[in-house]
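Enquirer: return atomic coordinates for the entry below.
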Amino acid sequence: MSTQRQKEANKLNSQKSTGPVTDEGKAKSSLNRLSHGLASNATIVADENPEEFKALLTDLATEYDPATATEQILVEKMALNQWLSLRAFRLQGEAFLDLKLMSDSFGIPKNLGLLIRYQTSAERTFHRAHNELVKTQKERKKSEIGFESQNAGEPADHPFAKRKNEPITVEVTWVGPDCPAESASSATQEAQPVAELIKNAA
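Expert: This is a model prediction of the structure:
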């Protein structure tokens with residue numbers, strides 16, 4: 001058990017050690033336990049070029065041209081998760097290289113499963129953000145042009161769009177009678193008066 005004198009000495013010593021004071025020192029100490037940075041708030045870790053991340057973000061912003069704050073957030077989420085996916089893939093290669101340098105060409109890195117999970121998670125999040133961005137932009141463009149669903153009414157040239165009481169032209173193919181030509185001729189002559197009656201009645 002600590003004596004009162006030891007407790008006082010520890011208290012004085014703890015006041016002397018306050019950790020890093022400068023911004024640079026604080027930033028450096030925050031990375032002391034950073035092994036891969038896939039679960040940290042750090043966007044850029046050691047051996048990564050900030051300009052490459054900036055170029056990725058610029059390319060995605062140019063391609064999708066976000067017009068609202070929501071669209072901008074989704075583009076940034078896509079860029080970040082693509083960056084994390086690339087990091088996880090790179091770290092997998094480095095893990096295998098480390099084993100090879102240790103003359104263990106057929107070994108499996110201990111953290112391989114973890115790195116694959118992080119890569120898969122980042123890729124899933126990228127695709128979710130992409131799908132949400134495409135959907136959001138489509139809805140915005142529809143509202144800008146005053147889109148109306150085509151299901152509200154059939155197009156004018158659709159055959160079922162005609163009114164029910166509108167006459168429909170039907171093509172009729174004449175089929176000759178099965179009787180000889182002379183009988184057909186006499187039948188036509190007998191039918192003429194009936195046709196004339198109908199014509200006069202109309």
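Enquirer: tell me the helices in the protein, going along the chain?
Expert: According to DSSP state H, the chain carries its helices in the segments 4-16, 23-29, 50-64, 69-101, 112-144, 181-201.
Enquirer: same for the fifth one, what does it pack against?
Expert: When you say that, I think you mean helix 112-144. Counting contacts by 3 or more C-beta pairs under 8 Å, 6 or more residues apart in numbering; DSSP states H and E, helix 112-144 is packed against helix 69-101. In short, each C-beta sits where N, CA and C put it, glycine included.
Enquirer: quick one: closest of the helices of the chain to residue 42.
Expert: helix 23-29 (9.3 Å; C-beta to C-beta).
Enquirer: related to what we said a few turns ago, lowest-confidence stretch among the helices of the chain?
Expert: The minimum mean pLDDT among the helices of the chain belongs to helix 181-201 (a mean of 52).
Enquirer: which outside residues touch stretch 77-86?
Expert: Residues outside stretch 77-86 that contact it (C-beta atoms under 8 Å, 6 or more residues apart in numbering) are 38, 43, 53, 56-57, 60, 118-119, 122-123, 125-126, 129-130, 133.
Enquirer: how about a cut-off of 10 Å?
Expert: 36-39, 43-44, 48, 52-61, 63-64, 118-130, 132-133 (C-beta atoms under 10 Å, 6 or more residues apart in numbering).
Enquirer: and it, what's buried?
Expert: 77-86 (16 or more other C-beta atoms under 10 Å).
Enquirer: same question, stretch 92-110
Expert: Going by neighbour count (16+ other C-beta under 10 Å), the buried part of stretch 92-110 is 92, 95-96, 99, 109.
Enquirer: could you dump the buried residues of stretch 77-86 into TSV and include distance to residue 141?
Expert: Shown next, in TSV, are the buried residues of stretch 77-86 (distance: C-beta to C-beta, whole Å):
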residue	distance to residue 141
77	21
78	19
79	22
80	25
81	25
82	25
83	28
84	30
85	29
86	31
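Enquirer: could you measure from residue 85 over to residue 52?
Expert: Remark: distance between residue 85 and residue 52 (C-beta to C-beta, to the nearest Å) = 14 Å.
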